[in-house]
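Peer 1: sequence unavailable; structure follows:
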């Protein structure tokens, strides 16, 4: 995918040029945003200062300057800039690119090969870059909107530094809008509120904002448009959301952590973001049940039931009415007391089970349905708890020779305060019974 100032074939010098092309930065210092990587203290700034540019993977959302930065890096380092797209480039095309880079190198000039959408190349194609990176034929700069750790080969990643670019902030977009107005020679025909709405419509994408500005600048209006009038003329840009990609996992993580952090407003926001992105409410219902089990547990035994009920309500009502039932569960979980006591105990018990292998239960708690089993001691000495004082025998139920572990340690939160009292009560009673033997 192209980015903020990607170079399509340039129009003739006397022909109309798109606003994005006219505003293309000519120096890295003119790039809006990305100061965290371009400043003298940032990774790219430090590389340029040391005159030691390495192969890079530029990872970030659309419209934040990936192509522009790559082009300007080539200018800063006197490298030939060659741009290809993984979408339209096959193996024969790559071979030609590498051959041309070798000839260029023999003539004393290096090549910065910019590969847009590099994650679109398969494993074999990605491996094809490695020898040419290692012998210095090319300096690779790949651009991707997808998480490189998921989409790129480990061998390629080990030879390139990943640079994370961020979506443009509202302040960055306002600077870009001011630069566009200066280039156009006039202000936008918008009220302050409508101008803010336009920046929000761009959703952090500088190229999208310039497209919106180009449309708005062409309108012939008698007075500045307000927010409502702007919304009638322009459609809001769809939020970036891939139901099977990284954005899906980022947002469900944000929802889960907001609930764990007892923030109902944050939880509702991320819940709504996922629904607006087209997420299947049934997926959210399943995850809410998991959160109830993992993060609330026995601190509020009702939480799991409320999640199941909200899921069933959604199945009966469908969208959009049933989504309100899920929203009720979101708020309930966020405000419920939190405990992972059972979750921690469960993991510890599983670890102990793996470590102790196939140890038999103690003989006194084994059933003895045959005479032989009785003769070898199965069931001998078993104390029937209902017949014991306080209905508690205090016997040991772990394998013989295994030191009694403690898995479950309920915290002082919610209903588990009561369970903690019970755990402590039975621990004291167990010690008493064992002392009586």
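Peer 2: Arrived safely, thanks for sending. For clarity, every value in this text was computed on a predicted model and none was experimentally measured.
Peer 1: so residue 233 touches residue 225, yeah?
Peer 2: Yes: with contacts counted by C-beta atoms under 8 Å, residue 233 reaches residue 225, the gap being 7.3 Å. Using the backbone N, CA and C atoms, a C-beta is placed for each residue, glycine as well.
Peer 1: what is the burial count for residue 110?
Peer 2: Look at residue 110: counted by other C-beta atoms under 10 Å, it has 18 neighbours.
Peer 1: and the one 10 residues further on, by the same measure?
Peer 2: In terms of burial, residue 120 registers 18 neighbours under the definition other C-beta under 10 Å.
Peer 1: low-confidence ranges in the stretch 151-300 of the chain?
Peer 2: Along the stretch 151-300 of the chain, segments meeting pLDDT under 70 span 235-246.
Peer 1: repeat the analysis, applying 50 as the threshold.
Peer 2: Of all residues in the stretch 151-300 of the chain, none has pLDDT under 50.
Peer 1: show me where it has helices.
Peer 2: Taking DSSP state H, counting those that start in this stretch, the helices of the stretch 151-300 of the chain run over residues 154-158, 170-184, 192-202, 206-217, 227-233, 246-260, 264-276, 281-291.
Peer 1: of all those, which lies closest to residue 413?
Peer 2: Closest approach to residue 413 among those (C-beta to C-beta): helix 246-260, 13.0 Å.
Peer 1: what's the closest one packed up against?
Peer 2: Applying 3 or more C-beta pairs under 8 Å, 6 or more residues apart in numbering; DSSP states H and E, one finds that helix 246-260 makes contact with helix 264-276, helix 281-291, helix 321-335.
Peer 1: more neighbours, residue 233 and residue 225?
Peer 2: Just comparing residue 233 and residue 225: by other C-beta under 10 Å the higher neighbour count belongs to residue 225, 23 against 13.
Peer 1: quick check: bridge partners of the more buried one?
Peer 2: Following DSSP bridges, residue 225 is listed with bridge partners residue 190.
Peer 1: who touches it in this structure?
Peer 2: For residue 225, the contact set (C-beta atoms under 8 Å, 6 or more residues apart in numbering) comprises 189-191, 194, 219, 233.
Peer 1: please apply the same query to residue 264.
Peer 2: Residues in contact with residue 264 (C-beta under 8 Å, 6+ apart) are 330-331, 334-335.
Peer 1: residue 420 now?
Peer 2: Residues in contact with residue 420 (C-beta under 8 Å, 6+ apart) are 410-412.
Peer 1: let's see 6 Å
Peer 2: Counting by C-beta atoms under 6 Å, 6 or more residues apart in numbering, residue 420 touches residue 410.
Peer 1: now the one 10 residues further on
Peer 2: Listed by C-beta under 6 Å, 6+ apart, the contact set of residue 430 reads residue 394.
Peer 1: next one, pLDDT for residue 370 please.
Peer 2: Looking at residue 370, its pLDDT reads 89.
Peer 1: now do residue 365
Peer 2: 86.
Peer 1: can you give me the distance of it to residue 382?
Peer 2: Residue 365 sits 6 Å away from residue 382, going by C-beta to C-beta, to the nearest Å.
Peer 1: ok, residue 53 next?
Peer 2: For residue 53, the distance to residue 382 (C-beta to C-beta) stands at 76 Å.
Peer 1: try residue 81
Peer 2: Residue 81 sits 82 Å away from residue 382, taking C-beta to C-beta as the criterion.
Peer 1: and for residue 170?
Peer 2: Applying C-beta to C-beta to residue 170 and residue 382 gives a distance of 71 Å.
Peer 1: of these two, which one has the most company?
Peer 2: Neighbours were counted for residue 170 and for residue 382 using other C-beta under 10 Å; residue 382 has more, 16 against 12.
Peer 1: isn't the more buried one right next to residue 362, touching?
Peer 2: No: if you go by C-beta atoms under 6 Å, residue 382 and residue 362 don't touch, sitting 9.4 Å apart.
Peer 1: which SSE is residue 99 in?
Peer 2: Using DSSP states H and E, residue 99 sits within helix 91-106.
Peer 1: how about that helix: buried residues?
Peer 2: Of the residues in helix 91-106, 94, 97-98, 101, 104-105 count as buried by neighbour count, 16 or more other C-beta atoms under 10 Å.
Peer 1: which of those sits closest to residue 321?
Peer 2: Proximity of the buried residues of helix 91-106 to residue 321 (C-beta to C-beta) peaks at residue 94, which lies at 53.2 Å.
Peer 1: who touches stretch 208-221?
Peer 2: For stretch 208-221, the external contacting residues (C-beta under 6 Å, 6+ apart) are 19-20, 63, 173, 176, 180, 184, 188-189, 198, 202, 237.
Peer 1: taking those together, which two end up most distant?
Peer 2: 63 and 189 (23.4 Å).
Peer 1: mean confidence for stretch 349-358?
Peer 2: For stretch 349-358, mean pLDDT is 88.
Peer 1: which residues outside that stretch are in contact with it?
Peer 2: residue 407.
Peer 1: now do the buried residues in that stretch.
Peer 2: By neighbour count on 16+ other C-beta under 10 Å, the buried set for stretch 349-358 is empty.
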